[in-house]
Structures are given as C-alpha cells and as structure tokens.
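# Predicted structure and sequence below. I'll ask about it afterward.
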Amino acid sequence: MSHPDLDDLSLSDSDYSSDDGGNNTSARKNVANHVLREKTALLDKYGANIKVDHIKHRITRDKAERATVEQVLDPRTLRFLSKLFKNGTITEINGCISTGKEANVYFAINADTGKEYAVKIYKTSILVFKDRERYVDGEFRFRNTKNQSNPRKMVRLWAEKEFRNLKRLHSVGIPSPEPVDLKSHVLVMEYLSKGDGWPSPKLKDYEFKDDDEIASFYIKMLIYMRWLYQKCRLVHADLSEYNTIVHQGELYIFDVSQSVEPDHQMSMDFLRMDIKNVNDFFSRIKKINVFPERLIFRFVIDTWTSLMTELIPNKEDRQAVMEEPEDFELLEKYLNILPHKSDDDQEDAVFRSLHLVSSLNHLEERDFDKFRTGQVDTLRDLVKEEPEEAEEDEDEEEEEEESDDDSDDSDDDDDDDSPKGKKFEDKDAKKERKKLAKEAAREKRKTKMKKHVKKKLTKKTHK
Ligand SMILES: Nc1ncnc2c1ncn2[C@@H]1O[C@H](COP(=O)(O)OP(=O)(O)OP(=O)(O)O)[C@@H](O)[C@H]1O
Ligand SMILES: [Mg+2]
C-alpha cells in the first residue's frame, strides 16, 4: 500500500489548536482535511500494530481492530505514537492495561528485542483536565506557568514532570519503572511484569506470605519515602497501595506526575497524607503494628545526623555511620527503635489536625488568623531537634512571661542596687509600661507554638 510521506504531513501543535477565534474558516477546513489525511495514513501504516482493547488478565496478541484504534486515539496521540514506532522504541501496542482518570496505560513490545513496555498516554480532553485539577491539585503545581489555560500544553508538562521524576527515582536507586522515552504526552517506561505478559501485582493485590513480609514492605515503604524526600527532593503526593507494585520481590514506586518538591506550599500536607495512606493500609487492612504518623514524618524530613545521633548517642561510636548517609540498614535500625502507635494515640490526632506549612512564606492571607491563634505550625521548625540549653532558655523565658503576667508589681523591685531607669519611673508611666508588656506577652503567646504540641512532636515517647 502506498502512503503519502508522513513527515510532510506532520502538523505542529498549534495546527491542532481550535482557538483561532473562528475567523478563518477555509484555513480551518484545510487543517481539518490535513489532520484527517494524516490520521488515515498513520492508521494505514501502524493501525495493525496497535491494539487498544482492555487486557483482562493476561497480555494477548489478538488482531488489532482498526475501528477501535480510530475511536480511542485522537490524531495527535496517533502522531506521537507513530514517532515511537519510527524511532524503533516499540513495534506493537498490545492492549490497554488501565484506563485511569488522568491517563490510559497500554502494554507495548519491541518485537525485535523482545522487550516489554508500559505506554502511558495522558488524556488531553478538557473535561478530564478539569477533573484533574479538582482531584490532584494540579492547579498549585502550575499556578505560575503560562500554560494553565491550554490543556494540551498542560498534559505535556504533566507527562514531562512524570518522566523527569521517574528519572530522579531511578537514578538514586528507588525501585521504579525505568523511563524510556517521551513524546509530548506519550510516555514509555519499563513494564513491570511477572513474565509472559502477566503484570506484577499492585501492593493492594499482592499476597503476602506472612506478617514478617508485610512488616518488611512497610519498612521499605517508609525508607523509600525518606529517600524520595532526601535524595530526590520529592514528596510523592499520591502514595498508596494503588501506586506501588510488588515486582520481583521489591516494592516499586510509580505514578509520580503529581509529585512535588519540598518547597511547594502544599508539600507538607501531601507528605502527611502519604504517611496516613500508608499507615492506614498497613494497619487497617494488613493488621500490623505501625509507627505514629508524626514520628514517621520526622523520620522522612529530619537530617541524617539527627537520626543517627538518636540511634547511636555515643559520638565516637557514631563516627563510622556518618560516612554512610541514607544507608538502608541503618535507617531500618532507626525505625526499629521507634515505639508503635497505640490505638488511642492522641498525639497523632493532634498531628493530623495541625495546619501545616513548610515555611512562613507559604502562609496565605486566609492562614494568618489561624496562625495568630496557634493553629498553624511550620513543620520544619516543629521537627527540629533543639539543643537542651535552648530548651531550658525557652522554659525560663516562658516562666518569665508567666510571672510578668501574674505578679503586678514585684518584678523590678529587685535587690540589685545598681540604678535602673525603670526604678525612677513615675507611677502612671510604670503602670502603662507594664500594661503594654503584658499585652505584648499575651500576643507572643498566641503566635507561639503551644509548648505541649511542640513537645509532642519533637520528643519521642518510648513506651
Ligand atoms: N510501568 C508499569 N508496569 C506495569 N503496570 C503499570 C505500569 N505503569 C502503570 N501500570 C498500571 O497502570 C495503572 C495506572 O497507572 P498510573 O497510576 O500511573 O496512572 P493513573 O492515570 O494515575 O491511574 P489512576 O488514576 O488509576 O491512578 C497502574 O495502577 C498499574 O496497574
Ligand atoms: Mg495511579
């Protein structure tokens, strides 16, 4: 069969755009014809290699149905897929693994090398795009980009983000599908399979041998969460038993398009949500003892030095481990000294209810009232290990404030006989000064993190 030269037919992104204001009808007709011709040519050339029906359990190699392909894949997507055929990354698409809210995932192979791939195609329809905003807070991520109003550019950005994030995970040794190729909103990655086309199970479907195996996966999950934060500078932001796969005995993390960097204004909330999801799965569904969420939070964001100081209090003994930052076994040892969460953990309840921001810069106007009344905490301050002396100083400071509040007239009548300005104040000025000081102290207490909350979050309670 003869084809027009596909490269000559290729259109740019803007050619597919419908926002030309409707002024140039004949130009639009031309483009529409062009798109149609391109689609037909691509289908003639690659249609027989693309099967988009749902795979039920096992990857089959039935004949591709051109009509279904035509229905499911829009011309633009087809064009980017054809680039993957042309550059030899894949030779066949053999069925649909998943149709999600944001993307469809297909199973693909390269018949020449025998390699298997997962091809994730982001949905570009405006309807889905609106949905995405609501569900995944994409709005935050792209709030400063010019592309917010253009869904095609948005999904391309989204796919690119996933591709780059996967690279980060892969490069630091967090088990994850290896990213292979990216063409606009079409992403190719390693396919995690049991072999013979069977996909490896998601964590939620994995049949654990026993409680020990469940516990070991829980530990892995927490350590990978820390590595994500410490080594990749990422918070997953949708971590759960649905976005992790057990592959060849390892826990694989994927679906990282929505992951954010720690300085994202919602990163701390996302991290807390990830921790909650993980804890809920392992405690409620798998019925194992989990650690308190606030301590996991600290485990994820605290420095290596701080964790190791706790694990090995003796400085000399600690020297050796300082050379092995982020060592898996040492992190595992650290987790093993943590207490388990009790059923009525009030401290975790407090932690869950705190409004979190990673820095005061992230406070928005609506947050300021809450901040004044102590309902907002900056998490980095919260988990910082304070040197003992600093803590004592603070105690004194607090006591001072207290006494200032409680006693009306005694604080400056001390026995120190060196002359002090205050001693020679007239009575009214003194009254006024004390009133102002009291007010200031009251204000300060309001904005200061409640001490019991801070203690709860910074000190481990070994039970
Ligand atoms: N590399 C892969 N190997 C094997 N299966 C995969 C791979 N990537 C994705 N999948 C399968 O496809 C499903 C959807 O993938 P993913 O979570 O990345 O997309 P999604 O659009 O976010 O989907 P959802 O909205 O369902 O979370 C996964 O749950 C998994 O079953
Ligand atoms: Mg997913």
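Sure, I can see it. Ligands and ions are numbered 1, 2, ... in the order given.

# How much space separates the residue of the stretch 151-300 of the chain found nearest ligand 2 from K438?
Of the residues in the stretch 151-300 of the chain, the one nearest ligand 2 is D255, at a distance of 3.8 Å by Cβ to the ion. All C-beta spots, glycine's among them, are computed from the backbone N, C-alpha and C. Using Cβ to Cβ, to the nearest Å, one gets 54 Å for the distance from D255 to K438.

# So between these two, which is more surrounded?
Set D255 next to K438 and count neighbours by other Cβ atoms under 10 Å: D255 wins out with 25 against 14.

# Could you verify my assumption that that one touches A237?
No: in this structure D255 lies outside contact range of A237 using Cβ atoms under 8 Å: 9.8 Å.

# Spell out the secondary structure type for the residue of the stretch 151-300 of the chain closest to ligand 2.
Using DSSP: H, G, I helix; E, B strand; the rest coil as the criterion, the local structure at D255 reads coil.

# Now it, what are its backbone angles?
In terms of degrees, to the nearest 10, the main-chain angles of D255 are phi 60, psi 60.

# what residues are up against it?
D255 makes contact with 162, 238, 243, according to Cβ atoms under 8 Å, 6 or more residues apart in numbering.

# ok, and the most crowded of those residues?
Neighbour tally across these (other Cβ under 10 Å): the maximum, 24 neighbours, falls on E162.

# so how far is K120 from that one?
Counting by Cβ to Cβ, the gap from E162 to K120 is 7 Å.

# can you check I245 too?
Here the criterion is Cβ to Cβ. By it, I245 lies 14 Å from K120.

# Can you give me the neighbour number for W304?
The number of residues packed near W304 is 18, by other Cβ under 10 Å.

# which non-adjacent residue is nearest it?
Setting aside the residues directly before and after it, W304 is nearest to P325 in space (Cβ to Cβ, 6 or more residues apart in numbering), at 4.6 Å.

# Against ligand 2, how distant is the one you found?
Applying Cβ to the ion, to the nearest Å, one obtains 31 Å for the distance of P325 from ligand 2.

# which ones are touching L84?
Residues in contact with L84, defined by Cβ under 8 Å, 6+ apart, are 90, 119, 181, 183, 186, 188.

# mind checking the SS state of it?
Look at L84: counting by three-state DSSP, its state is helix.

# Could you pull out the strands in the chain for me?
Remark: strands assigned in the chain by DSSP state E are 50-54, 92-99, 103-110, 115-122, 179-183, 186-190, 193-195, 198-199, 244-247, 250-253, 355-357, 376-378.

# mean pLDDT lowest for which of those strands?
For the strands of the chain, the bottom mean pLDDT is recorded on strand 376-378, which sits at a mean of 53.

# Near F270, how many other residues are there?
What F270 shows, counting by other Cβ under 10 Å, is a neighbour count of 21.

# dump the residue contacts of it.
Per Cβ under 8 Å, 6+ apart, neighbours of F270: 235-237, 260, 264.

# And H185, by the same measure?
Neighbouring residues of H185 by Cβ under 8 Å, 6+ apart: 77, 80, 121-122, 124, 152, 155-156, 158-159.

# residue boundaries of the helices in the stretch 101-250 of the chain?
126-136, 138-141, 151-171, 211-231 (DSSP state H, counting those that start in this stretch).

# Can you check what pLDDT the model gives the closest residue to ligand 1 within the chain?
Checking the chain residue by residue against ligand 1 with Cβ to the nearest ligand atom singles out G100 as nearest, at 2.5 Å. What the model reports as pLDDT for G100 is 82.

# Count the residues that sit near it.
The burial metric for G100, expressed as a neighbour count using other Cβ under 10 Å, is 14.

# Please report how far it lies from E207.
In this view, G100 and E207 are 24 Å apart by Cβ to Cβ.

# now do L182
Relative to E207, L182 is positioned 34 Å away (criterion: Cβ to Cβ).
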